[in-house]
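test case, fold it:
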Amino acid sequence: MKLNRAIFGASVGILLLAGVVTAQEWQVLFDGKSTDAWRGYKRQDFPSKGWVIEDGAWKTVVKGEHADIMTKSKFKNYELEFEWKTSPGGNSGVMYHVIESSGPAWHTGPECQVLDDAKHPDGKNPKTSAGSLYALIAPNSQKKLKPVGEWNTMKIVAKGKHVEHWLNGAKVVEYQWDSPEVKKLIAQSKFKDLPNFMGSEEGGHIVFQHHGQEVWYRNIRIRDLGGK
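Okay, the predicted model is just below:
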């Protein structure tokens, strides 16, 4: 047993030295300095007139270009973590499984809402409040939102058709994308006539939305959960 453990440990060390990334390793998407992993939605460059780096975080420029930013890579089964905060009345969102199409990113990607619930009108409706699956599923009673100006932690877990939203350490939304319940919700929503809503089963891009208000994002990372 000791010999087997020694061999296993040596093998892991060799893989790490060789730069082999395992399914459980975190990949940093934004380190507070570089935009290399990102570009604008439906464009090849980064919209630097709409997003700036401030104290290690992205900040939207309210009077700048209102352009969404998107990962250059596509992701399928993953755990995504990031931190966010808003200005009073701030509104944004993170969309996943996005396919670049003729329409905006929300035409294909479901959205995890980022919002100042207290001062933005969307906060009055639980289905469009912070942490929700935007316009479809409200967060549960475990939701605890930090005051405006303080950092919230968010996690999105997508494995196959199973999706979870976590806000400040609590799982606030959980759903199965192909379930009858979710299909019914979509049929009754503004997404009903969008044939590519939820993107592709092969995964898609992750998009951070510029909705015109001031918001901040930092410590963005992702890890592959494996599987087909």
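
Gln188 versus the most centrally placed residue in the chain, what's the distance?
The centre of the chain sits closest to Val94, judged by CA atoms, centre = their mean, with a distance of 4.2 Å. When CB to CB, to the nearest Å is applied, the distance between Val94 and Gln188 equals 23 Å. The C-beta positions use only the backbone N, C-alpha and C, and glycine is treated the same way.

what do you get for Asp31?
Taken as CB to CB, the spacing of Asp31 relative to Gln188 amounts to 41 Å.

more crowded one of those two?
Here Asp31 and Gln188 are set side by side on neighbour count (other CB atoms under 10 Å), and the busier one is Asp31, at 13 against 10.

pLDDT-wise, which helix or strand of this structure ranks last?
For the chain, using mean pLDDT, DSSP states H and E, the weakest element among its helices and strands is helix 2-17, scoring a mean of 43.

the residue nearest to the centre of the chain contacts Pro110, correct?
No: contact criterion CB atoms under 8 Å: Val94 and Pro110 do not qualify, at 9.8 Å.

give me the low-pLDDT residue ranges for this structure?
Low-confidence segments of the chain (pLDDT under 70): 1-23, 228.

that one: strands as residue ranges?
Assignment of strands within the chain using DSSP state E yields the ranges 26-30, 38-40, 51-54, 57-60, 69-71, 78-86, 91-98, 111-115, 152-159, 162-167, 170-176, 205-208, 215-224.

could you find the closest non-adjacent residue to Ala67?
With CB to CB, 6 or more residues apart in numbering as the criterion, Ala67 has its nearest non-adjacent residue at 3.8 Å, and that residue is Pro47.

I'd say the one you found and Thr60 touch.
No: the pair formed by Pro47 and Thr60 falls short of the contact definition of CB under 8 Å, at 10.0 Å.

please enumerate the shared neighbours of these two.
Taking CB atoms under 8 Å, 6 or more residues apart in numbering as the contact definition, Pro47 and Thr60 share the neighbouring residues His210.

compare these two and say which is more crowded by neighbours.
In this view Pro47 and Thr60 are compared by other CB under 10 Å, and Thr60 has more residues nearby, 26 against 20.

how close does the more buried one sit to Ser48?
Going from Thr60 to Ser48 by CB to CB gives 12 Å.

which neighbours do the two share?
Overlap of the contact sets of Thr60 and Ser48 (by CB under 8 Å, 6+ apart) is empty.

what residues are bridge-paired with the residue nearest to the centre of the chain?
Val94 forms beta bridges with Cys112, Phe208, as assigned by DSSP bridges.

picking that back up, dump the strands of the chain to a markdown table, plus distance to Val182.
Listed next are these as a markdown table, based on distance: least, CB to CB, whole Å:
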| stretch | distance to Val182 |
| --- | --- |
| strand 26-30 | 27 |
| strand 38-40 | 29 |
| strand 51-54 | 32 |
| strand 57-60 | 30 |
| strand 69-71 | 24 |
| strand 78-86 | 20 |
| strand 91-98 | 13 |
| strand 111-115 | 14 |
| strand 152-159 | 14 |
| strand 162-167 | 9 |
| strand 170-176 | 6 |
| strand 205-208 | 20 |
| strand 215-224 | 24 |
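
quick one: which of those strands is nearest Leu136?
For these, distance to Leu136 was read as CB to CB. The smallest value, 8.2 Å, belongs to strand 170-176.
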